[in-house]
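**Q** fold the following.
(chains A, B and C)
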Amino acid sequence: MSAAHATEAGTHPPVFTGDTLARLEALYDSYPTRQACLLPALWMIQEARGWISPEAIAEVATVLGLTPAHVRGVVTFYTMYHQHPMGRHVIQVCTTSPCHLNGSADVVGALLKETGCGELGATSPDGRFTVVEVECLGACGFATPMLIDDDFIESVTPERVAGLLQRYE
Amino acid sequence: MGFPHPIHPGENPVLSTHFGDPGAHSHAGWVERGGYTALRQALAMAPSEVVEVVKASGLRGRGGAGFPTGLKWSFMPKEDGRPHFLVCNADESEPGTFKDREIMRWTPHALIEGCAIASHAIGAERCYIYIRGEFTEPWRIMTEAVEEAYAAGVLGASALGSGRRIDIVLHRGAGAYICGEETALMNSIEGKRGNPRIKPPFPAQAGLFGLPTTINNVETLAAVPHILTRGADWYRGLSLGNSKSTGTKLISVCGHVMRQGNYEITLGTPMRDLIFDMCGGMRPGRTLKAVIPGGSSVPILNATEVEGCVTDYEGVVAAGSMLGSGGMIVMDDSTDIVYEIYRLTRFYAHESCAQCTQCREGTGWTVRILERILRGEGKASDLDLLLDLAENMTGKTICVLSDSCAAPVVSGIQKFRADFEAYLTAGRPHALAGV
Amino acid sequence: MTTELVTLTIDGATVSVPKGTTLIEAAKQAGVLIPHYCYHPSLPSPAVCRMCLVEVEKAPKLLPACVTTVADGQVVQVHSPAAEKAREGVLEFLLINHPLDCPICDQAGECELQDYVFQEGRSGTRYADYPKRFNPVEEFGPDVLYVPNRCILCTRCVRFMDAVAETPVLNVSERGDRAYIGIDPAHALDHPWAGNVVDLCPVGSLISKDFLHKARAWDLDKSPSVCPGCSQGCNIMIDTRDDVVVRLRPRPNLDVNRHFICDHGRLDYRWMNRGDRVEAPLIREGGRLRATDWDDALDRLSAAVGDAGQGDVVLLASARASTESLGLLHRLAEAAGGTVRAAVHIPQGEEHSLPGIPHLALRAERVPNALGARLVGYTDAWNAALDRVASAALVMVLDLNLPELLDRLAAATGVVCVLDTIDREWPVAVSHVLPVSTMAEEQGTWINRDGRAQAYHPARHAPGMARPAWWVAAEAWSRLEPGRQAEAGVDDAMASVASVIPALDGLTPSRLGLTGRIVAGAGVHG
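**A** Model (predicted):
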């Protein structure tokens, strides 16, 4: 794909060069098809860029020999792949029933207030945080769990929120 | 143990023995704790012998369906010349269930050992472990453990020097409940949308990449090494009364109990003992209202049904629900059960893959009716409508996500009708706060 | 090879079908239509619409008829209460987010959602109090609009582009009831066969821009025909409204085009409605062409042929003409007694195959009857024939729109008779202009590249005094040979042609049926 595709986020220098490409290529032997490397490849894009842009979709399609339509269908299926630019730190907080029983609504309230995001899905004015609601994080006995980037944090209470956020600039 | 709480005398720790023990993480630590003797033993046996041992143990799938594991393994074609795959389902995403996460966090080598034994049994050279994307910590731990296992010669071209190739590949999900459904999971590994597939063909004939595949849950595979070392008879003996439900089961208990956590019980333990004794019962001044006993997809039990319920596959069915994944959501009398049911339907509407009409449209419609009821704007006819939609959503789709959305609605209306009617008749308002 | 048959009962009717047949196809044999959306016989079956659920004795659940195969002794109930309730449920779910904008929807009248709701749906809605999902209309390609609000996510379009066109530019995007059909933003739906998604769409979600708001389906007259666009001979329907052709659509023929036609064929129909037609026979007198009646014109044509005597006759024809017309004109030319040099003009274009269907392509030979023309005595040696025009005693031209030909005719020294559809600026050398009908206005037979003789049928009236070319030839021939009875119809015309070309024996349009027959020994292409 041409790197000349301009977007609101600027031009799209390729993700799959150098080490990243080598990491992807190292996966090829683990699967009988290149297509099976798609989810790992999308993770690599998100790790590098924070979200998965249309240009990145086109790039990964070319690298793996897929069509952009297929890749986009996949990206929009999995909720952890961000289709839009996010804040510097993405907070994913669980609100499914077991967590709701344990007060997740109050945790969400505290997160929206402390981050300044104001509403779910929004990014704080300083670009520091985006808070999104997610379905069951699989740690119901440790309610309320949340992910800040790749850090899985258990038993979050409204009182703990401010302190936890301090670690993320 | 009732991790993270101290072990309770009512428990029977087998898989959970080393939960909370940081020394069990490493390969060396695992070997010190008796690890990999089962694999060595299995590799010295013919694959069919391993299958027979597991069959004889009575082990059943711990992911939800409870299908006999040895029987499932025996469906794999023999010496057909094609590659076989083992897939380990570590997509644990059924609300209320958090046991596989603990197995991977504390005893990653137990899972690797189980996977290796199963791979040998079904003639698979490669095992994929599909870990849900949100499990960042288990992912890291499993990654390190697999690297260690290769370095130690447990995995690779000659597993434990047996001459038998066993590879394990970790595959990370990316946020889709439905990928816990076995055929959706296979599509996901293949780099596709996680759409469940039509069966037949069944995975043993045409599974991952169209090749013979066995897919087992984390807990199921982690139980296998114990069965090998201690014998099928020992495992079959772990049963409090029902010979069809053998062994121990990790029960994740969450919600309104004093001590939420994972409890490893011998199948057949009374549910009452689990909730009121091991978990410490309700919070002061509260009484039990309801339990969803097998992950959010099964019918709700009321307090009376819980009273006599025996915690095994048949016992929970007799009480009117299913053991499922063993994730128990406990609700006390402070619970707005209409809201909690609504919240679960929202979960299913969010997770529907969009293939089947009933699921794609029915889950969303169910949510909107419940929302309206919660706003105090429900109609008298809404409950009958919900039940009729639930009937149209049950037993008619490729997978059971649609059924799962209907189950709490139907059982909720049947068992807690007064709670619904309070919204309908008294116009009880509810702020749909915070969500 | 014998096929193992399986006998089962469907709604009380017993049928025997080959092992491996799906219930939905077996039911067709039993005369039962099982309602369905996602299933299509030319596409892989995903079993997602869940509309074709039927009750099968001893099965614990209703089964999707599109992917369930027959078993001996099976008892299937399509219209049991449980199956009907399930389908009523599916229809209700499909309608909750549907805009119900049938009054402005092009699909209305031929919409499978309308049809099945009419047959089996609820009479009222239980979804009155909620807003419906809304997404804006999208332009998918040069001739395809996507109206997402009407979409039922059957995915036929996605599967066609994936599995048949093998150009996967469509997808299902998002999940749950937020899902919609997405398109690769960098690629329009411009595959040469993309228009088929419009036909495949069972509702009004994918619609043709060309046909947009042109006609209500119930106002259309539909005539079975064959596509004139190339030598593949895809079977089509010509849809007319008030005698104007408004749409061409594929007509199933499993041996030729299955369920598809290419966009070249689909969209090339405007010429059928041209207004600048020759509507009366024209005879040159005093340097000008003047209109006359058929009797006069035919007398003059037969005289001209007779006058050619032992001189050369050059016959130049379009390979879009019927085998009957080409054959009888050739026999008329032979009746003069001299040497007949007959040639057809075969325009060429780029070949575009439909990869998922073997032996289906828009062919390079952009005429439908090259093989028929060869069979009745025409060559492809076009330029050699042109070179003979100047010296020929008689030149006859059938329906050719070629500017360079007019220059050649201008230099002719013999008599030039033109049978044509369009009124042109004829050179002075042209002395007879005889109005003939187009393929849309007559019945006739073409032979496709695989040697399949296929009949096409009139879809609109010929203008003015235009007649099929075979009729002109037959009438002129009968005048030339007193006592000879002119062929009375197209079947007679084919019989006369077949009397000298035995391979064509019995292949009259009325005996070819809707799918045609292979001409013995005619399959000559590579």
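**Q** going by C-alpha atoms from here, please, whenever you check contacts or count neighbours.
**A** OK.
**Q** pLDDT score assigned to residue B:425?
**A** pLDDT for residue B:425: 87.
**Q** confirm it sits in a strand?
**A** No - Residue B:425 sits outside any strand when classified using DSSP: H, G, I helix; E, B strand; the rest coil, being helix.
**Q** if I look at residue A:16, how far off is chain B?
**A** Relative to chain B, residue A:16 is positioned 18 Å away (criterion: Cα to the nearest Cα, to the nearest Å).
**Q** do the same with residue C:263
**A** Counting by Cα to the nearest Cα - residue C:263 and chain B are separated by 29 Å.
**Q** where does pLDDT dip in chain A?
**A** Across chain A, the ranges flagged by pLDDT under 70 are A:1-10.
**Q** which parts of it are strands?
**A** For chain A, applying DSSP state E gives strands covering A:89-94, A:129-134, A:146-148, A:151-153.
**Q** give me the residues contacting stretch C:300-309.
**A** Residues from elsewhere that reach stretch C:300-309 (Cα atoms under 8 Å, 6 or more residues apart in numbering or on different chains): C:332-333, C:335-338, C:393-394, C:415, C:417, C:432, C:476-477, C:479-480.
**Q** by neighbours, which of these wins?
**A** Taking other Cα atoms under 10 Å in any protein chain shown as the neighbour criterion, residue C:477 ranks highest of the contacts of stretch C:300-309 with 30 neighbours.
**Q** tell me which helix or strand residue C:118 sits in.
**A** helix C:112-120 (DSSP states H and E).
**Q** over to residue C:297?
**A** Going by DSSP H and E, residue C:297 is in helix C:294-308.
**Q** partners of the next helix or strand after that helix in the sheet?
**A** Sequence-wise, the next helix or strand beyond helix C:294-308 is strand C:313-318, with elements assigned using DSSP H and E. Here strand C:313-318 has these sheet partners by DSSP bridges: strand C:340-345 (parallel), strand C:394-398 (parallel).
**Q** quick one: work out the angle between strand C:313-318 and helix C:294-308.
**A** 130 degrees (axes from the mean of the first three to the mean of the last three Cα atoms, to 10 degrees).
**Q** now for the helix holding residue C:118, which elements pack on it?
**A** Judged by 3 or more Cα pairs under 8 Å, 6 or more residues apart in numbering or on different chains; DSSP states H and E, helix C:112-120 is in contact with helix C:81-96.
**Q** mean confidence score for the helix it packs on?
**A** On average, the pLDDT along helix C:81-96 is 97.
**Q** does residue C:406 touch residue C:427 like I think?
**A** Yes - using Cα atoms under 8 Å, residue C:406 is in contact with residue C:427, at 6.7 Å.
**Q** so for those two, which residue has more residues nearby?
**A** The residue with more neighbours, out of residue C:406 and residue C:427, is residue C:406; 18 against 15, by other Cα under 10 Å.
**Q** what parts of the stretch 151-300 of chain C come near chain A?
**A** C:168, C:169, C:170, C:171, C:172, C:173, C:174, C:175, C:182, C:183, C:184 (Cα under 8 Å from any Cα of the partner chain).
**Q** now with 7 Å, please.
**A** C:168, C:169, C:170, C:171, C:172, C:173, C:174, C:175, C:183, C:184 (Cα under 7 Å from any Cα of the partner chain).
**Q** now do the same contact list for the closest residue to residue C:298 other than its chain neighbours.
**A** Sequence neighbours aside, residue C:476 is the residue nearest to residue C:298 in space, at 5.3 Å (criterion: Cα to Cα, 6 or more residues apart in numbering or on different chains). Residue C:476 makes contact with C:298, C:299, C:301, C:302, according to Cα atoms under 7 Å, 6 or more residues apart in numbering or on different chains.
**Q** state the helix or strand in which residue C:476 lies.
**A** Going by DSSP H and E, residue C:476 is part of helix C:469-480.
**Q** I'd like the next helix or strand past that helix.
**A** Helices and strands here follow DSSP H and E; after helix C:469-480, the next one along the chain is helix C:490-498.
**Q** got the angle for that next one vs helix C:469-480?
**A** Going by the same axes, to 10 degrees, helix C:490-498 makes 70 degrees with helix C:469-480.
**Q** let me know the next secondary structure element after helix C:490-498.
**A** Of the helices and strands lying after helix C:490-498 in sequence (DSSP H and E), the nearest is helix C:509-512.
**Q** name the residues that touch that following helix?
**A** So helix C:509-512 is contacted by C:444, C:445, C:454, C:455, C:491 (Cα under 7 Å, 6+ apart).
**Q** can you rerun that using 10 Å?
**A** C:324, C:443-446, C:452-457, C:490-492, C:494, C:506, C:516-518 (Cα atoms under 10 Å, 6 or more residues apart in numbering or on different chains).
**Q** just stretch B:137-146 next, same as before
**A** Stretch B:137-146 is contacted from outside by A:150-153, B:25-27, B:90, B:100-109, B:111-112, B:129-133, B:136, B:148-149, B:151-152, B:154-155, B:167-172, using Cα under 10 Å, 6+ apart.
**Q** next step: these restricted to strands.
**A** Among the contacts of stretch B:137-146, the ones falling in strands (DSSP E) are A:151-153, B:90, B:129-131, B:167-172.
**Q** ok, and the most crowded of the residues you listed?
**A** residue B:90 leads these on contacts (other Cα under 10 Å) with 29 neighbours.
**Q** who's in contact with the closest residue to that one other than its chain neighbours?
**A** Closest residue to residue B:90 in three dimensions, ignoring its sequence neighbours and counting by Cα to Cα, 6+ apart: residue B:131, at 4.6 Å. Shown in contact with residue B:131 (Cα under 10 Å, 6+ apart): B:88-92, B:100-101, B:104, B:138-139, B:142, B:170-174, B:179-180, B:218.
**Q** change it to 6 Å
**A** Counting by Cα atoms under 6 Å, 6 or more residues apart in numbering or on different chains, residue B:131 touches B:90, B:91, B:172, B:173.
**Q** ditto for residue B:160
**A** B:153, B:154.
**Q** quick one: it from residue B:169, how far?
**A** According to Cα to Cα, to the nearest Å, residue B:160 and residue B:169 sit 18 Å apart.
**Q** now swap in residue C:109 and tell me
**A** Counting by Cα to Cα, the gap from residue C:109 to residue B:169 is 54 Å.
**Q** which residues of chain B score low on pLDDT?
**A** Ranges of chain B meeting pLDDT under 70: B:1-2, B:427, B:429-435.
**Q** which one's the longest helix in it?
**A** When chain B is parsed with DSSP state H, its longest helix is helix B:357-374.
**Q** list the contacts for the closest residue to chain A within the stretch 1-150 of chain C?
**A** Minimum separation of the stretch 1-150 of chain C from chain A (Cα to the nearest Cα) falls at residue C:140, amounting to 12.8 Å. By Cα under 6 Å, 6+ apart, the contact set of residue C:140 is C:188, C:189.
**Q** what residues are up against whatever residue of the stretch 301-450 of chain C ends up closest to chain A?
**A** Nearest to chain A in the stretch 301-450 of chain C, going by Cα to the nearest Cα, is residue C:355, at a distance of 16.9 Å. If you count contacts by Cα under 6 Å, 6+ apart, residue C:355 has them with residue C:165.
**Q** give me that answer again for 10 Å
**A** So residue C:355 contacts C:163, C:164, C:165, C:166, C:167, C:361 (Cα under 10 Å, 6+ apart).
**Q** now residue B:180
**A** With Cα under 10 Å, 6+ apart, residue B:180 has these contacts: B:63, B:89-94, B:130-132, B:173, B:186, B:188, B:194, B:196, B:217.
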